[in-house]
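*Asks:* using only what follows, build the 3D model:
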Amino acid sequence: MAKKNKEHEEEVIVDVVESYNKTQQYLEDNQKNLSIIGIILIAVVGGYFGFTQLYLQPLEAEAREQMWKAEQYFEKDSLDLAIYGDGNYFGFETIIDEYGMTESANLAHYYLGVIHYKKGEYELAIRQLEDFSSSDVMVSSVAKGVMGDSYVALEDYDHAVTEYLRAAKDNENNFTTPIYLKKAALTYETMGEYKKALNSFNEIKNKYPQSQEGRNIDKYIARAEGKM
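*Replies:* Modelled structure (predicted):
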């Protein structure tokens, strides 16, 4: 038994030595290539750091400094000034043109989408909101909801329902979810899809009974049932 254990230990040692030797040989044979790869990795990491720290962050700060005025005009419903600026500060369109890689430019797409919807320019609203993305699920839900409203205004009900349901499921909560489920259900009714409408109304009743929509949902359920 002792002899077998000794033989096994010797085999392991041999395997380790062979592996070490092979690794050393590979490193020696490929030293030039590995050095190049290392240099490339350092350049990529360093370039990314330099790009974000030395270029993108200052650009973001500059964009924010320009955009606060447009946001103020938006809140006051001075929509044209919000879009085009006032001569001293940029409007949302210029923010996108000048600072396209920044989060401020991304947010400007959202503002422009809402503005175009308010102005009745529904196709432009959709186009801007399609270019917007956000990790803030509430803002993301509202953006999808405005797209749904725009599609309804264009009488494109299939796309409207799709956006309403996306908005409802984006961040399921007691506030926005029942709002968009109800909008989806009402759109289904417009399409004559009363069973689908009923399903959405019932989802509000079962999951969000304490919401504003849930408190008076029974009449909508009865209406949908009566039309089936």
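
*Asks:* in the one helix or strand residue 222 maps to, which residues are buried?
*Replies:* Assigned by DSSP states H and E, residue 222 belongs to helix 218-227. Burial within helix 218-227, assessed by neighbour count using 16 or more other C-beta atoms under 10 Å, is assigned to 220-221, 224. From N, CA and C alone the C-beta is placed, and that goes for glycine too.

*Asks:* stretch 164-177 too?
*Replies:* 164-168, 170, 176-177.

*Asks:* what do you get for stretch 98-108?
*Replies:* Across stretch 98-108, burial judged by 16+ other C-beta under 10 Å covers 99, 102, 104-108.

*Asks:* which one of the buried residues of helix 218-227 is nearest residue 143?
*Replies:* residue 220 (25.5 Å; C-beta to C-beta).

*Asks:* show me the contacts for that closest one.
*Replies:* By C-beta atoms under 8 Å, 6 or more residues apart in numbering, the contact set of residue 220 is 182, 185, 201.

*Asks:* can you turn the buried part of these into a ChimeraX selection?
*Replies:* Typed into ChimeraX, the next command selects the buried ones out of those (criterion: 16+ other C-beta under 10 Å):
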select :182,185,201
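
*Asks:* outline the domain layout of the chain.
*Replies:* The record, using automatic domain parsing to delimit domains, assigns the chain the ranges 32-120, 134-228.

*Asks:* is it true that residue 166 touches residue 146?
*Replies:* No - with contact taken as C-beta atoms under 8 Å, residue 166 and residue 146 are classed as non-touching, separated by 11.9 Å.

*Asks:* between the domains of the chain, which one is closest to residue 128.
*Replies:* Each of the domains of the chain was scored for nearness to residue 128 using C-beta to C-beta, and the closest is domain 32-120 (3.8 Å).

*Asks:* in this protein, what helix or strand scores lowest on average pLDDT?
*Replies:* Counting by mean pLDDT, DSSP states H and E, the chain has its least confident helix or strand at helix 2-29, which shows a mean of 49.

*Asks:* residue contacts, residue 64?
*Replies:* Counting by C-beta under 8 Å, 6+ apart, residue 64 touches residue 104.

*Asks:* got it, and residue 95?
*Replies:* Residue 95 sits next to 63, 66-67, 70, 104-105, 108 when contact means C-beta under 8 Å, 6+ apart.

*Asks:* let's see that with 10 Å instead.
*Replies:* Residue 95 makes contact with 63-64, 66-67, 70, 85, 89, 102, 104-109, 111-112, according to C-beta atoms under 10 Å, 6 or more residues apart in numbering.

*Asks:* pick the one among these closest to residue 139.
*Replies:* When the contacts of residue 95 are compared for distance to residue 139, the smallest value, 8.6 Å, is given by residue 107; criterion: C-beta to C-beta.

*Asks:* so what secondary structure elements neighbour the strand or helix carrying the closest one?
*Replies:* Secondary structure here is read from DSSP H and E; on that basis residue 107 sits in helix 103-118. In terms of contacts (3 or more C-beta pairs under 10 Å, 6 or more residues apart in numbering; DSSP states H and E), helix 103-118 is packed against helix 57-75, helix 79-84, helix 92-98, helix 122-130, helix 137-153.

*Asks:* buried set for the third one?
*Replies:* Along helix 92-98, the positions that meet the burial threshold by neighbour count (16+ other C-beta under 10 Å) are 92-96.

*Asks:* what mean pLDDT does it have?
*Replies:* Averaging pLDDT along helix 92-98 yields 95.
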